[in-house]
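Asks: got a predicted model here, sequence first, then my questions.
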Number of protein chains: 4
Amino acid sequence: MKKSELYQHLNVQLDLAVEAHQLLRGESGEEIPGVLMNEQELEHAKVTIITVESDEGVEAIGKPKGHYITIDAPEIRTNNYVVHEDITHVLADRLIELMNLKEDASILIVGLGNWNATPDALGPQVIDKTMVTRHLYQLSPDELKGHLRKISAIAPGVLGLTGIETAEIIRGLVEHVKPDLVIAIDALAASSLERIGTSIQLADTGIHPGSGVGNRRAGITEETIGCKVIAIGLPTVVNAGVIAHDVVEGVFKEFVTSPKLYQLYKGIKPEVFSQIIDDVLSPFQGNLMVTPKEIDSLIKTVAKIIAGALAISLHPGIDREDYERYLQ
Amino acid sequence: MKKSELYQHLNVQLDLAVEAHQLLRGESGEEIPGVLMNEQELEHAKVTIITVESDEGVEAIGKPKGHYITIDAPEIRTNNYVVHEDITHVLADRLIELMNLKEDASILIVGLGNWNATPDALGPQVIDKTMVTRHLYQLSPDELKGHLRKISAIAPGVLGLTGIETAEIIRGLVEHVKPDLVIAIDALAASSLERIGTSIQLADTGIHPGSGVGNRRAGITEETIGCKVIAIGLPTVVNAGVIAHDVVEGVFKEFVTSPKLYQLYKGIKPEVFSQIIDDVLSPFQGNLMVTPKEIDSLIKTVAKIIAGALAISLHPGIDREDYERYLQ
Amino acid sequence: MKKSELYQHLNVQLDLAVEAHQLLRGESGEEIPGVLMNEQELEHAKVTIITVESDEGVEAIGKPKGHYITIDAPEIRTNNYVVHEDITHVLADRLIELMNLKEDASILIVGLGNWNATPDALGPQVIDKTMVTRHLYQLSPDELKGHLRKISAIAPGVLGLTGIETAEIIRGLVEHVKPDLVIAIDALAASSLERIGTSIQLADTGIHPGSGVGNRRAGITEETIGCKVIAIGLPTVVNAGVIAHDVVEGVFKEFVTSPKLYQLYKGIKPEVFSQIIDDVLSPFQGNLMVTPKEIDSLIKTVAKIIAGALAISLHPGIDREDYERYLQ
Amino acid sequence: MKKSELYQHLNVQLDLAVEAHQLLRGESGEEIPGVLMNEQELEHAKVTIITVESDEGVEAIGKPKGHYITIDAPEIRTNNYVVHEDITHVLADRLIELMNLKEDASILIVGLGNWNATPDALGPQVIDKTMVTRHLYQLSPDELKGHLRKISAIAPGVLGLTGIETAEIIRGLVEHVKPDLVIAIDALAASSLERIGTSIQLADTGIHPGSGVGNRRAGITEETIGCKVIAIGLPTVVNAGVIAHDVVEGVFKEFVTSPKLYQLYKGIKPEVFSQIIDDVLSPFQGNLMVTPKEIDSLIKTVAKIIAGALAISLHPGIDREDYERYLQ
């Protein structure tokens, strides 16, 4: 049984390109044509850039052409605020590169997710900490123009709260605000627990249907909203089916030393395995999340890091050492 | 000095048509051409309907053509929950008449105002209590259609939070959601303290620039958003300049019995009087609100009444006696 | 391997007496001396009463002497508000029996848990909906005394927010408020997913260390706070290790038909099995919760049910059919 | 009519010692025996220290013996974050002096006020931003002890939310937490609009009954809670009666040039004047607050300043230039 097949049966989608890439490489043991990977080790973070270059790559990895940058920083889980600032700078640098903003660009920041459900509240929390400047721009003196870009920001809520698809709301906003760039922030699902709260993904391809903790039903991409979209995501949960599979695999690896038995395990059909998992996870099945008890403080920490990196990367006038001053 | 002139100098706008009408009648002592008024006394509420019929009426009263219904219910300030239900029913009946909805209408409810500033938080609080049904409509069984109308709802935040004019946000939403009706809920300013928390105004003309507790800069009307708008408003504050004037008038009425003195007072030019008031109210002037300490619980009570009246008037399937069951 | 032994190694505690009882009965197949069980089937709920009568029972089931009433109502997960009212009445009746309040009793309601972490926010949400009357009591007319009991209420926050053990805070309150009864409301962990959001447990023994979603480190019992305590709990999560075990068991039951294999599985030592689970759940181990995506709306529904049952059972003056009027 | 007499009739209490002092000096034109005043002009703030030294001083100024330090910093109303940091440092220095903490002191911070009513929410907002360390202290390494003091923090809510007097709650906490110092933060009422949001008062005498925006009915002082109390207060409202008086005085000063008229005004008896004001302010009278529309952002700014000053002054290990890192 291939993990990728099981995931398909469990309706598990890999939000992180780095995980999709790892899964593919692990199973095939070969380079993926049309997909490049580049890694950098920094003091407090590992940066992985996956570039999907060709249609062949799109087909293989199941993600649209573009750049996917993952910053893995396990020290986010520590209480070391100095390290958190360093990670903020790493993220800001990547954002500056990826956004490549003109001096007078106008940016709309969208915090996706449900503020009433902690693991889904990353987007709204970043919006809360973000300084909004668009409405003050006309009033600001000439010498400051170019030092403070025009920022608007909204956390539109989720379908269950508004009755309106988030993509519909944002498309309407884009038509009236006419930003040069939309930045969409969302809580993601990972396939590995250690990524929870510590792997930040940037993508210049937007957000795709079915991603995220909530059930985003329509994508937030240049096609759907009519404006370039940079997505910033952070895994806050793992699908319960994925954990279930990993435990079973752990048990078999440990105990089933006879080749015959191992073959028995490997021979389980993904559809049967996924049925067992679904039975155990009844009555919630695919709608179960696994998340640490301290998820509220983890999200609070990362919301501060992302909001800080946005302040640095969006406003040339803000001193890197003093960005915290501008967090709301 | 005419009160209306002073208000002009103080930049005080009368959000309630019933107050604008009273002021005019009080000063001229005559019927206002093109403006009709009709009053009804109910057990727990007095209902006043002002109809602005002609351009002449518009000119005189400074409000667009349409219907302005005010429900005055001072017992909102008591803790009598049975009376609150009765007032909810009165409001529901007026809404049903004014909205005149077709069976399968789709309605977008917009809660204007700033959830971070208590006196401005009426709109967001009504949204919090409102059951959203638009996204479930396609899934509901045929026999229920017609019993539950399609409701979407949003509290878009204020300019200072988003950097985007509320009217821009709503126009974008209307273009995509395509509702038959927008209901906009807003906190208003009154010129009289006893109306705070107890006078609910319905208007089929929308919301006009400069109204409300916050500084709404663009109106929410059929012209600006492309959809019929019913406004539901409740005064939560009085402009401090208005109170200042009333106290001065109270002092003169009481003490200045000699006709000469009273003439002196009446001779004060509105621009001079408003300058004195501005000096005292410095450094905030027109941006000062007068509001009771218990404004948080008053708004909570009225948000429940409005959300209840919306549930009854929007959904034919909801039993009038059981509407509270459906408040979120 | 016995499930109970595995749970011990995983540090899983069964918050629900009905689950502890089931586990014991399942493993021994015998009556548990000193523990009585009584079941009732109602239209929309099943009520199970576990009575721990003797020291022998305490030893066996690991819970102090007293009554544990569980109301299982899977229809809480539906959107049928009429059924929710029926369940509210069932809960109210059980509370009236268990509390056995004198006419002029004073009650302190404590909402345990962290309002920033959705699965732990049940207690604070019930407090939000509860009408507080203690401070008005002296002012109320004689004829109302006996119709409205004296209620005080607080959501004290968790250790991570205050730096103070919740038990310390409550003990201090009890010394000054001197209530006749403390009602403590808490989110629990279950060992079975279908109990999430649908099994309400009442216990006259208080809350014990280590229970709940958060890490309550000290119990809230008559011994620790100096006042009789009734606990109302609702499972909102399942420990991830429990789910992991259930999936492995599911796989073996399905596939390992040969007695030899099944013996292999049964022979796994609990300490080894728990080590494998811990490895998979690294870096969070025992601190991982499994919870449905819709946990926010489930908790909202049950908070309304509990607050409604408290209103009915605490205030003789409140009409059962109109209790929703008094929810805040 | 003396202003002080009118205030008495209007039930206006001067929360700021600097205002009580000013009123007295203004009316008598003389030094107040037993009360010292000292002023310092800094770049962005004026610091006034009032010391009430003797019983005679207590009698005259109506405040208990102790120190009252007011930091007037009108630039809080600007958006200059660099200046805000400077004011934070000024406040921190005064706190360090006034608290005079021993190295291993334990401090309980109490945020008074109602989080549901913006002008009363200063205390709870400071608590939200404060790093709590008491529960981690035992775990921290020896070399850090002395660099991080033990902080616990709570926003207990108001009587209307809990049914319990705040003083009762705090007394209970003090008995169990046994702090060396309680710091109580509260929103105050001023008699002058320009002090709203810009005058921070420190007092080593605690908080006295009737102060504040809400109706605190019992004081928070060493006598009532059994622990030294430092109070930090900020005016967020002005009593509406005070404004009313000021406008009337403004009108008379401007217009009533004839000595006869001025005498008429001055001859108004305070009880009659306060009756007129009460009539105009009906039905709310003394419960009306005057507050600027932007009070939410003003309070947010000052909450950051106070929380920052607390971080610097409580924890010797925190670098003054980096305190913002530690705001939650």
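Replies: Yes, it's here. Quick caveat, the model's predicted, so the values are computed rather than measured.
Asks: going forward, measure contacts between C-alpha atoms and count neighbours the same way
Replies: Noted.
Asks: mind listing the helices for the stretch 101-250 of chain A?
Replies: A:122-129, A:159-162, A:166-177, A:222-225, A:240-255 (DSSP state H, counting those that start in this stretch).
Asks: got phi/psi on the closest residue to chain D within the stretch 1-150 of chain A?
Replies: Residue of the stretch 1-150 of chain A nearest chain D, by C-alpha to the nearest C-alpha: A:Tyr81 (6.6 Å). Dihedral pair for A:Tyr81: phi -70, psi -30, per degrees, to the nearest 10.
Asks: okay, now the closest residue to it other than its chain neighbours: neighbour count?
Replies: Sequence neighbours aside, D:Arg325 is the residue nearest to A:Tyr81 in space, at 6.6 Å (criterion: C-alpha to C-alpha, 6 or more residues apart in numbering or on different chains). If you count neighbours by other C-alpha atoms under 10 Å in any protein chain shown, D:Arg325 ends up with 20.
Asks: next one: the one 3 residues further on
Replies: Look at D:Gln328: counted by other C-alpha under 10 Å, it has 17 neighbours.
Asks: isn't it up against D:Val132?
Replies: No. The criterion here is C-alpha atoms under 8 Å, and D:Gln328 misses it with D:Val132 at 9.5 Å.
Asks: what sits against A:Leu159?
Replies: By C-alpha atoms under 8 Å, 6 or more residues apart in numbering or on different chains, A:Leu159 lies in contact with A:Glu165, A:Thr166, B:His135.
Asks: near chain D too, which of those?
Replies: Checked against chain D using C-alpha under 8 Å from any C-alpha of the partner chain, the contacts of A:Leu159 yield no neighbours at all.
Asks: from those residues, which has minimum pLDDT?
Replies: In terms of pLDDT, B:His135 ranks lowest among these, with 79.
Asks: how about it: what's its closest non-neighbour residue?
Replies: In space, and not counting its chain neighbours, B:His135 is closest to A:Gly163: 4.8 Å by C-alpha to C-alpha, 6+ apart.
Asks: didn't that neighbour look like it was pressed against B:Met131?
Replies: No. Applying C-alpha under 8 Å as the test, A:Gly163 and B:Met131 come out as separate, 9.5 Å apart.
Asks: tell me which of the two has more neighbours.
Replies: A:Gly163 (23 against 20).
Asks: how about the residues of the stretch 201-328 of chain A by chain C?
Replies: The stretch 201-328 of chain A has residues A:213-214, A:240, A:243-244, A:246-248, A:250-251, A:273, A:276-277, A:280-284, A:287-296 near chain C, with proximity defined as C-alpha under 8 Å from any C-alpha.
Asks: quick one, which of those residues are buried?
Replies: Among these, those scoring as buried are A:213-214, A:240, A:243-244, A:246-248, A:250-251, A:273, A:276-277, A:280-281, A:284, A:287-293, A:295-296 (criterion: 16 or more other C-alpha atoms under 10 Å in any protein chain shown).
Asks: tell me the confidence at the residue of the stretch 1-150 of chain A closest to chain D?
Replies: 85.
Asks: just A:Ile127 next, same as before
Replies: With respect to pLDDT, A:Ile127 scores 97.
Asks: what sits against the residue nearest to B:His135?
Replies: Neighbour list for A:Gly163: B:Val132, B:Thr133, B:Arg134, B:His135, B:Leu136, B:Ile151, B:Ser152, B:Ala153 [criterion: C-alpha under 8 Å, 6+ apart].
Asks: distance of it relative to D:Asp15?
Replies: 48 Å (C-alpha to C-alpha, to the nearest Å).
Asks: what of A:Asp72?
Replies: 52 Å.
Asks: and A:Arg171, by the same measure?
Replies: A:Arg171 sits 51 Å away from D:Asp15, going by C-alpha to C-alpha.
Asks: do A:Ala231 as well
Replies: As for A:Ala231, its distance to D:Asp15 is 50 Å (criterion: C-alpha to C-alpha).
Asks: for A:Lys228, same thing?
Replies: 54 Å.
Asks: so what's the closest residue to A:Tyr326 other than its chain neighbours up against?
Replies: Distance criterion C-alpha to C-alpha, 6+ apart; nearest residue to A:Tyr326, sequence neighbours excluded, is A:Met131 at 6.8 Å. A:Met131 makes contacts with A:Ile151, A:Ala311, A:Tyr326, A:Leu327, A:Gln328, as judged by C-alpha under 8 Å, 6+ apart.
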